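>>> Predicted model, plus sequence, below.
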Amino acid sequence: MRPLVETLERRIAGVLAAVTGVPDAAAAVKPTEDERFGDFQANGVMGLAKKLKRNPRELAQEALARLDLGDICSRVEMAGPGFINLTVSTRFLRAELGAMGRDARLGLDEAAERETVVVDFSCPNVAKEMHIGHIRSTIIGDAICRLLEARGHDVRRINHIGDWGTQFGMLIEYLRRTDPEAVRGGKTLAIGDLEEFYRAAKARFDEDPEFAEAARREVVKLQAGDPESLAVWRVICDVSRRKFEENYALLDVRLDEMGESVYNRFLPEIVADLAARGIARESDGAMCVFLEGFGAPFMIRKRDGGYLYATTDLAALRYRVGEMGARRIVYVTDARQKEHFRQLFAAARLAGYAGEDVRLDHAAFGSILGADGTPLKTREGRNVLLKDVIAEAVARARKVVAEKNPELPPGEQDAIARIVGVGALKYFDLRQNMTSDYVFDWDRMLALDGDTAPYLQYAYARVRSIFRKGGVRDAEYAGADPRVDARVEARLGLWLLRFGETVECAARECRPNIVAGYLYELAARFTAFYGECPVLKAEEPARAGRLRLCDMTARVLAAGLRLLGIEVSERM
Ligand code: ARG
């Protein structure tokens, strides 16, 4: 469905071009904030008049005389210094909404060109628990994937886990000494607390020189592909993987693992390639790519011959473009890695690993803060674990549900609590402007009023309850035209129409918060409509026409929340 704002832009810009002879004249059409100015406003005349040194009101009048928008608008008028205010006609709105309602995709078009898009997200590190720092990447990354999938792209959800590096020497050595049976594969390894295991290995490494030496030898063996070392490495990765997967299951997030180790075999070749072409140079024994406009060079091999995070990322990027056919790669990490990705992208362009036809995005996000404004930690000063946060969200939601619906059977309350708790957690994150830090706040997250998932899920359940209460059958309203006669109806209808363009914009810009903001406004407009217009008690044809608005609102709410990875419940 072509966005209405675009159609208006094209039509008015065409007239402005004809009137002034300026071929690329912009009408600058926008939805109005204040409905006194109609539904849309074109602001382009003023700038154009200034450029042509003409009186803007006169120019606007001239354009109006030639502008025929009778098929779309009921009112087109000049206002103020030369604005053009537009009010969409009931007839047009009714027809457009009718078409959108009959469309299973609710007016959300697939992209003209299906592209392979790699979304690199979540990416926890082996032998470490996923903590709250990973929550944003997992939740935002999943939403970005859903948005791109909804646009019909071939999305590769890649978990670039940290499963390689010098820390494995100490982990392997530690496991070998403390749990030889697990190493031999004799029993399943019980590293209950990965953080604890990592800490213990690290402590031993720092305190015991003999152990540290053995750990260093272990790194060399591992990198040389020693089968026994690799086997122990695999045991440690497996335990971690099982832990990660528990979290993904709770969050209903799907990921394909392609960890850092995958690219290990390409690293020497990357350095050799860049060196041979003069893109990387030796500096103080290390190999670096010197990029213009950056403070520090991009190091790809250390003095001691070791490779870096950056080298792996270059190899991964080249693989994704060259082997996987990615036309776009989106990296979802916290903003502290901004410089790394700026350098990575610049180096990849310089090396030709990503041509101009490949889009590289760093979807950077801010930190989650505690009430005191510093990064969130437990009372003991440790990282807050993702699984604990999920458990608490669900437990708190369970209380809210029990208060609201004491009559529901406990099993159903549990199921709703899971949807509400996980939804609240996700939405609270997704609604934020991605780049800003935000303060974690249980009460605000779970509030039934305000910009929260429970509020939107409740709005959905409330619409559905209209149908339940009235015992409404589809046939009673499915064939009717949506009703948009009253202002509150039209405002709801106009907002519904913008679903497709909203998702398209959010997918293009990797900003799920655009969808969150849209849904919140949708719920507000529905509330205004429902407060003023009776539905079940209305006379026909108003009743059926309003039921159609209700039905579309519910469908858009559910579809929009789904795009954010949030489920809805028929009751709440
Ligand atoms: N494992 C890294 C971390 O925990 C994130 C990796 C992000 N992806 C990438 N291709 N660098 O910080």
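Noted; the coordinates are in hand.
>>> ok, now how distant is the residue in the chain sticking out farthest from the centre from Arg177?
For the chain, the C-alpha lying farthest from the average C-alpha position belongs to Glu210; by C-alpha atoms, centre = their mean, that distance is 47.2 Å. Computed with C-beta to C-beta, to the nearest Å, the distance linking Glu210 and Arg177 is 11 Å. From N, CA and C alone the C-beta is placed, and that goes for glycine too.
>>> thinking again about what came up before, helices or strands up against the one helix or strand the residue farthest from the centre of the chain maps to?
For Glu210, the element it lies in under DSSP states H and E is helix 209-223. Using 3 or more C-beta pairs under 8 Å, 6 or more residues apart in numbering; DSSP states H and E as the contact criterion, the neighbours of helix 209-223 among helices and strands are helix 167-178, helix 194-207, helix 227-251.
>>> so, in contact with the ligand or not, the shortest one?
No: applying C-beta under 6 Å from any ligand atom, one finds helix 167-178 separated from the ligand by no less than 12.0 Å.
>>> so where's the protein uncertain?
Counting by pLDDT under 70, the ranges of the chain that qualify are 185-193.
>>> In it, what residue spans correspond to strands?
Under the criterion DSSP state E, the chain contains strands at 29-31, 40-42, 73-79, 83-88, 116-120, 154-159, 256-257, 280-283, 286-289, 298-301, 328-334, 359-365, 368-369, 438-439.
>>> okay if I get those strands as a markdown table plus mean neighbour count?
Conversion of those to a markdown table gives the following (neighbours: other C-beta atoms under 10 Å):
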| stretch | mean neighbour count |
| --- | --- |
| strand 29-31 | 17 |
| strand 40-42 | 24 |
| strand 73-79 | 17 |
| strand 83-88 | 22 |
| strand 116-120 | 23 |
| strand 154-159 | 21 |
| strand 256-257 | 12 |
| strand 280-283 | 16 |
| strand 286-289 | 21 |
| strand 298-301 | 23 |
| strand 328-334 | 23 |
| strand 359-365 | 19 |
| strand 368-369 | 18 |
| strand 438-439 | 14 |
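>>> Run the angle between the helix holding Glu210 and helix 167-178 for me.
120 degrees (axes from the mean of the first three to the mean of the last three C-alpha atoms, to 10 degrees).
>>> Show me what helix 209-223 is in contact with.
The list of residues contacting helix 209-223 from outside it, by C-beta atoms under 8 Å, 6 or more residues apart in numbering, reads 166, 168-170, 172-174, 177, 204-206, 228-230, 233, 264.
>>> Swap in 7 Å and give it another go.
Residues from elsewhere that reach helix 209-223, judged by C-beta atoms under 7 Å, 6 or more residues apart in numbering: 166, 168-170, 172-173, 204-205, 229-230, 233.
>>> so which of these is the most crowded?
Neighbour counts for these (other C-beta atoms under 10 Å) peak at Ile172, which has 26 neighbours.
>>> what's near enough to touch it?
218, 222, 229, 232-233.
>>> switch to 6 Å and redo it
Applying C-beta atoms under 6 Å, 6 or more residues apart in numbering, we find Ile172 in contact with 218, 229, 232.
>>> Tabulate the residues you listed in JSON lines, adding columns for distance to the ligand.
Putting the contacts of Ile172 into JSON lines (distance: C-beta to the nearest ligand atom, whole Å) gives the following:
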{"residue": "Glu218", "distance to the ligand": "21"}
{"residue": "Ser229", "distance to the ligand": "22"}
{"residue": "Val232", "distance to the ligand": "21"}
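>>> Reformat the residues you listed into TSV and put distance to His134 next to each item.
Below are those laid out as TSV (distance: C-beta to C-beta, whole Å):
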residue	distance to His134
Glu218	27
Ser229	27
Val232	25
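>>> Just the closest of the residues you listed to Val332, please.
Proximity of the contacts of Ile172 to Val332 (C-beta to C-beta) peaks at Val232, which lies at 30.9 Å.
>>> do you know how far the closest one is from Arg265?
Using C-beta to C-beta, which is the criterion applied here, Val232 is 20 Å from Arg265.
>>> Noted, bye for now.
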